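*Asks:* Next input, structure requested:
(chains A and B, ligands or ions: 1)
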2 protein chains.
Amino acid sequence: MNKKKIDYSLYLVTDRKVLRGKDFFKSIESAIKGGVTLIQLREKNLTSKEFYETSVKVREITKKYNIPLIINDRLDIALAVDADGLHIGNNDLPVEVARKLLGPDKILGYTACNLKRAKDGESKGADYLGVGSVFPTTTKDNPVRITIEELAKIKKTVNIPVVAIGGINEENVSKVIDANVDGVAVVSAILGKDDIYNASRILKDKVIKGR
Amino acid sequence: MNKKKIDYSLYLVTDRKVLRGKDFFKSIESAIKGGVTLIQLREKNLTSKEFYETSVKVREITKKYNIPLIINDRLDIALAVDADGLHIGNNDLPVEVARKLLGPDKILGYTACNLKRAKDGESKGADYLGVGSVFPTTTKDNPVRITIEELAKIKKTVNIPVVAIGGINEENVSKVIDANVDGVAVVSAILGKDDIYNASRILKDKVIKGR
Ligand code: NI
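*Replies:* As a prediction, the model looks like this:
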């Protein structure tokens, strides 16, 4: 998979907590069928063995649909399952360290909550930025908020793709698309719905039409 | 550092919980001065950033004294700080996956609680084995116990160094030395003591004299 051709338009970040009993792997597959263009596997409180085994399974699903797989935080897991890339934030490995260990061919994403960090991430080797939180969210504790104006300014300033994240759903997604971002990242707006396939399809339509 | 020349005789596994207020980095340095021959940095409940930053500091200390540094569980941290090796157990990456990602030059240790697992770890690429728990221990929840006879049998069977672990202290250390092991791993027996330097020195003496 050529990292220059990544389609960030509907970016799904996983979170088991919002599934309320739905099967994890089937939910990811339904989301992809509905139009998700990239999966970021985010796991907390798993052992390395469990994270590895989950990643192997998600890697099979993403390969089946030719969708890129990005691993959150754990560079070792990303290398172990030959994921397409790694996503890191401020509590993870430094960007320049991750860039060096990943090599030039894997995608490196970095979470930025302001323009300074966005430019810093770009200069240290990030391939794309996750920028937020643009709206209030329940899937992350006390997220730093960013305005749509700041989001638009970051998009204008940096030369790498920008994915908006944080509380995005089918009601507010058009506002972030107006900021000219390359994609929107969601968690609950897809995985928290009873009909994951349809939630994904509706969001994808709005992202495409909003451009 | 040539991995064939590793001195496993007094192997310190870190655990912040047993320090009771003592400085983490100074404690490691005192232990090395007292005779510890290898440090395994084991951290739980830290972010990747915190684990990385701690490892950078411990790496500096171990370099100063020319002592090998082994990182527990996290292969990415081991690579990021160019540690001498990685130690894994059954809740971590599979041995063969870790071996492949580490490359041939870094040390790979594996925890085994019986002969079958010991042979399995050796055949899949481990460079040494941590075998235990030989005595009751408070630093690990519900450890699987192994007898001194089983420990001695593992040592006789495998062709890689064997380090005994689990509840070893200055009172019982001679019993495991009698099993002809290459080293003893301790946590509380050094880091839990008020005088870390002396605790380390006394244990080192017993290990050397017991051979
Ligand atoms: Ni690829």
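*Asks:* now stretch A:182-195, how far from the centre of its chain.
*Replies:* How far stretch A:182-195 lies from its chain's middle: 10 Å, per CA atoms, centre = their mean, to the nearest Å.
*Asks:* Quick check: buried residues in it?
*Replies:* Buried positions in stretch A:182-195, judged by neighbour count with 16 or more other CB atoms under 10 Å in any protein chain shown: A:182-193. For glycine as for every other residue, the C-beta is placed from the backbone atoms N, C-alpha and C.
*Asks:* Same question for stretch A:21-28.
*Replies:* A:27-28.
*Asks:* next structured bit after the longest helix seen in chain A?
*Replies:* If you go by DSSP state H, chain A has its longest helix at helix A:48-64. The first helix or strand that comes after helix A:48-64 along the chain, using DSSP states H and E, is strand A:69-72.
*Asks:* How about residues contacting that next one?
*Replies:* Identification of contacts with strand A:69-72 by CB atoms under 8 Å, 6 or more residues apart in numbering or on different chains yields A:13, A:38-43, A:55, A:58-59, A:62, A:77-78, A:81, A:83-88, A:107, A:109.
*Asks:* Quickly check: that strand near the ion or not.
*Replies:* No. Among the residues of strand A:69-72, none lie within reach of the ion under CB under 5 Å from the ion; the closest is 8.7 Å away.
*Asks:* Spell out, range by range, the helices that occur in chain A.
*Replies:* Under the criterion DSSP H, helices of chain A are mapped to A:24-34, A:48-64, A:75-80, A:95-102, A:115-123, A:148-157, A:173-177, A:188-191, A:196-209.
*Asks:* how about the buried residues of stretch A:182-195 in CSV, adding pLDDT and distance to the ion?
*Replies:* Converted to CSV, these look like this (pLDDT from 0 to 100; distance: CB to the ion, whole Å):
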residue, pLDDT, distance to the ion
A:D182, 97, 18
A:G183, 98, 17
A:V184, 98, 22
A:A185, 98, 19
A:V186, 97, 22
A:V187, 96, 23
A:S188, 96, 28
A:A189, 97, 26
A:I190, 98, 23
A:L191, 97, 24
A:G192, 97, 29
A:K193, 97, 29
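*Asks:* and of the residues you listed, the nearest to B:K209?
*Replies:* Distance to B:K209, by CB to CB, is smallest for A:V187 among those, at 59.7 Å.
*Asks:* so that closest one sits right up against A:K17, yeah?
*Replies:* No. Counting by CB atoms under 8 Å, A:V187 stays clear of A:K17, with 9.2 Å between them.
*Asks:* any residues in contact with both of those two?
*Replies:* Common contacts of A:V187 and A:K17, defined by CB under 8 Å, 6+ apart, comprise A:T139.
*Asks:* just for chain A, where's the confidence low?
*Replies:* Scanning chain A for pLDDT under 70 picks out A:1-4.
*Asks:* Stretch A:203-211: which residues count as buried?
*Replies:* A:203-204, A:206-207.
*Asks:* Closest one of those residues to B:G166?
*Replies:* Once CB to CB is applied, the member of the buried residues of stretch A:203-211 that ends up nearest B:G166 is A:L203, at 52.1 Å.
*Asks:* check contacts around that closest one.
*Replies:* A:10, A:35, A:169-170, A:173, A:184, A:186, A:189-190.
*Asks:* tell me the two of the residues you listed that are most distant?
*Replies:* Maximum pairwise distance among those (CB to CB): 15.0 Å, between A:G35 and A:N169.
*Asks:* thinking again about what came up before, I'd like to know which of the helices of chain A is closest to B:N66.
*Replies:* Comparing the helices of chain A by CB to CB, helix A:95-102 comes nearest, at 24.0 Å.
*Asks:* Which elements pack onto that closest one?
*Replies:* Judged by 3 or more CB pairs under 8 Å, 6 or more residues apart in numbering or on different chains; DSSP states H and E, the packing partners of helix A:95-102 are helix A:75-80, strand A:85-88, strand A:107-112, helix B:75-80.
*Asks:* right, is that helix up against the ion?
*Replies:* No. Helix A:95-102 is not in contact with the ion by CB under 5 Å from the ion; minimum separation 12.2 Å.
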